[in-house]
Structure formats: structure tokens, C-alpha cells
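next comes the sequence, and after it the predicted model I'd like to discuss.
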Amino acid sequence: MDKSNGYEHHAATFIRCRSKGLDGVGVASVQHWARSLPPNATVLDVGCGTGDPISKALIDEGLNIHGIDASTSMVQIFKQNFPGIPVACEAAEDSSFFNRQFDAIMAWGLMFLLPEKTQEVVIQKMANALRTGGKLLFTAPSQKMKWEDAITAKESRSLGAEKYKALLAASGLSLIEEFEDEGENHYYHAEKL
């Protein structure tokens, strides 16, 4: 089974698309969120890809980043882009990084690529890996829906805002806010109680 949900096979296409015209989408929102974190916070970027532009935005804000991505090709480029930054080529649901504690965790553009049960597991693992008061930020459409991913042609699925809110609450997280960015990505910002 391809734990990268087709992104290893389509890594070159993803990298080309993300670096041409879309490279700034989400950066301002992630930077705004990063500024709500303590100085030098340790942040886990789940589904980090090559690290550009989201991990880069966090690093530029002075945060200590760790990355997870299931695509070998993406992780290799991440290592080239950010030598010395800890990164693991692992599926989110299997990552050993969840055995640690973080000040914040983010998953930009990942959750809806995962099967429903895997999304539930990953939300619980992210919650468990947050320190008390830690922040979680992830993107997924607010509507419950399924669609074909533009790059991999595999099914993507949003569980919808009500389900995500229920999963966050069941995981000991309190939703702080929801918002959208310039690319119409919907964000869920939560804190561990």
C-alpha cells in the first residue's frame, strides 16, 4: 500500500505545481499562526513535503521544526532544502515522532488525503503529542465531501467541520478558531487543554 497516497509517484508534478504560482498560498496564514506560538517553539509539520513553502515559513519565524512525509522523494528534497532539520520518511499514522512532545503541530494539505479512519487516528496522535497548551493547525474543507485529487486522481475526503470539531473535542483539544486563506483552504486551529 502506498502510504504517500500517490504523492511519491507524482512527486515531480507536485513539486512543479507547488513552486509555480501556488508557492505563496497559505504562507501568510501559517506565519500568523506561528506568531501565536512561544519563541523557539518546537513544531511538527505533518505531511511536510519538500518543506517549501510551509516549513520554510515556520523556520523563518524562528521555530524549531521537525517534519514527516511519506514520500521518499519529498523527504530527500526537504533534507537538501533544510540540512540538519529532523525529518522522517514515514506515514503520519505510523510516525515515531508522535512518541515525542511538541509545542505545536500542523498538517497543511494532508488530512483530506487520508482515509476517514486514518484521519481519526492522526488527529488523536497529534493531540497526544502536544504539550498542555500546545496548538494544532490543520486544513480540510468545512463541508463533508469527496473529490478527485488534482495531482494523483485519488479520492480525497473531508469529514466536514462538525466531525472535525467532534474529533478535536474527543481528543482533548479545544477549537480556538476556523478561517480561510487566499486559496480558500479552510483551517482548524485548536489548543490542548
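Yes, it's here.

only C-alpha atoms for contact and neighbour calcs from this point on.
Fine.

any idea how far residue 138 lies from residue 46?
Going from residue 138 to residue 46 by CA to CA, to the nearest Å gives 9 Å.

of the two, give the one with the bigger neighbour count.
Neighbours were counted for residue 138 and for residue 46 using other CA atoms under 10 Å; residue 46 has more, 30 against 23.

surely that one touches residue 105?
Yes - the criterion here is CA atoms under 8 Å, and residue 46 meets it with residue 105 at 7.3 Å.

rewinding a little: touching both of residue 138 and residue 46, which residues are there?
With contacts defined as CA atoms under 8 Å, 6 or more residues apart in numbering, the residues shared by residue 138 and residue 46 are 106-108.

same list (the residues you listed) but as a markdown table, adding neighbour count, pLDDT and distance to residue 83.
Shown next, in a markdown table, are the shared contacts of residue 138 and residue 46 (neighbours: other CA atoms under 10 Å; pLDDT from 0 to 100; distance: CA to CA, whole Å):
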| residue | neighbour count | pLDDT | distance to residue 83 |
| --- | --- | --- | --- |
| 106 | 25 | 97 | 20 |
| 107 | 23 | 98 | 21 |
| 108 | 23 | 95 | 21 |
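
partners of the residue nearest the centre of the chain in the sheet?
In the chain, the C-alpha closest to the average C-alpha coordinate belongs to residue 107, at a distance of 1.2 Å (CA atoms, centre = their mean). Using DSSP bridges, the beta-bridge partners of residue 107 come out as residue 138.

then residue 164 would be within a helix, right?
Yes - counting by DSSP: H, G, I helix; E, B strand; the rest coil, residue 164 is located in a helix.

tally of neighbours for it?
Residue 164 has 20 nearby residues by other CA under 10 Å.

can you tell me how far it is from residue 136?
Residue 164 is 12 Å from residue 136, by CA to CA.

my guess is residue 61 contacts residue 34. True?
Yes - under the criterion of CA under 8 Å, residue 61 makes contact with residue 34 at 6.7 Å.

higher neighbour count, those two?
More neighbours surround residue 34 than the other of residue 61 and residue 34, with 23 against 18 (other CA under 10 Å).

in the chain, which ranges drop under the pLDDT threshold?
1-2, 4, 6-13, 15-23 (pLDDT under 70).

would you mind finding the longest helix in it?
helix 116-128 (DSSP state H).

quick one, what contacts residue 41?
Neighbours of residue 41 in contact, by CA under 8 Å, 6+ apart: 63-64, 102-104.

got it, and residue 136?
104-106, 126-127, 188-192.
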